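1. fold the stuff below for me.
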Amino acid sequence: MSAAVTCAQRWRTGRQHWVLDGRDLFDPARYGVAEIRKTVAREFTLRHHYSATFPATKLHYGLFDLAGGKPLLVGVVALGMPMRNLVLTNVFPHLAPNSEALELNRLVCDPSVGFNGESWFCARAFRAAAAHGVRGLVAFCDPLERWEETDDGHRRYKRGHYGGVYQALGFDYLGRATPRTLDFLPDGTLLSARATAKVTGGERGHQGVISRLVALGAPPPTADQTPGEWLREAKHVVGVRSQRHPGNHRYAIRLGRTRGERTRTVIGMAPGRYPKPDLELPLPLIL
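-> Numbers count the residues shown, from 1 in each chain. Model (predicted):
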């Protein structure tokens, strides 16, 4: 049984929750937005976001619930640097990457934040970023569902994302990023290409990747194995699952303190029609 509803996704300890339009109302008078330290943003994101990762970031904003007297952090927006500058320069050819142009790396809100709360939060965070000289943001959302193995089979812990919050904020839709093949661990988390490159190249951080795979059941590396040989064996033993990814949805928005500042920013890709999500949720909802 399913029901068509207008909803927004929230996260707590890596688990998806839903807030519903018309029922879970957002009260802006109850909340405030402030710039926060990276350590605070990182701890909150690692604890709650489904990816359990925190990329390279530059600006960090917190959504605070003020109803209880003492401000309570209930959301984080993190803006930062992608793995390649081309992610930014392809979209904003006239902006300096990693300063005037940034990526919206993370957006996560607690289930206590009502419907439309994330767009209210982002609008204020973007205004603050514009005061730092940011003139353009690129954002991606992952349309791929995520599943994890359980004793009863498999559980979907993330639905596909289509960028509803970016559409509400007036981002331009710029199509999909490059399709690729992804490796998933049995718990549904991603074993990224960057992580495997650290192992095969002996780069900084490779021991953390090795420890993660060993904790999932892989044998420790031996002296007679090359890093590539060990990684192939480890992935087989752990049960890494490869899946073809169609490419993330890509969005971009111009920022500025004035309309003139915003209109002077050039987006170097043609905008397209917004993708639309399947809004049918399985019942019972996790609330």
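
2. need the per-residue pLDDT for R159.
-> As predicted, R159 sits at a pLDDT of 62.

3. from the chain's centre, how far out does stretch 95-114 sit?
-> Distance, stretch centre to chain centre, for stretch 95-114: 8 Å (CA atoms, centre = their mean, to the nearest Å).

4. mean confidence score for that stretch?
-> Stretch 95-114 shows a mean pLDDT of 96.

5. how far does that stretch stretch from start to finish?
-> Length of stretch 95-114, first residue to last, CA to CA, to the nearest Å: 35 Å.

6. would you mark the buried spots in it?
-> Neighbour counts over stretch 95-114 (16 or more other CB atoms under 10 Å) mark 95, 97, 100-114 as buried. No exception for glycine: its C-beta is placed from N, CA and C like everyone else's.

7. now do the strands in the stretch 51-200 of the chain.
-> Per DSSP state E, counting those that start in this stretch, the stretch 51-200 of the chain carries strands over the ranges 57-65, 72-80, 101-109, 136-141, 146-150, 153-158, 172-176, 180-184, 190-191.

8. looking at those strands, which is buried most?
-> With neighbours taken as mean count of other CB atoms under 10 Å, these reach their highest mean count in strand 101-109, at a mean of 24.

9. quick check: angle from that strand to strand 136-141?
-> With axes from the mean of the first three to the mean of the last three CA atoms, to 10 degrees applied, the angle from strand 101-109 to strand 136-141 works out at 50 degrees.

10. alpha carbons of strand 101-109, as PDB, please.
-> Presented in PDB, the C-alpha positions along strand 101-109 are these (Å, rounded to 0.1, in the frame of the first residue of the first chain):
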ATOM      1  CA  ALA A 101      32.600  29.500  -6.800                       C
ATOM      2  CA  LEU A 102      32.000  26.600  -4.400                       C
ATOM      3  CA  GLU A 103      30.100  23.300  -4.200                       C
ATOM      4  CA  LEU A 104      27.200  22.800  -1.800                       C
ATOM      5  CA  ASN A 105      28.900  19.800  -0.200                       C
ATOM      6  CA  ARG A 106      26.400  18.800   2.500                       C
ATOM      7  CA  LEU A 107      22.900  19.700   3.500                       C
ATOM      8  CA  VAL A 108      21.400  17.800   6.400                       C
ATOM      9  CA  CYS A 109      18.400  18.600   8.700                       C
END
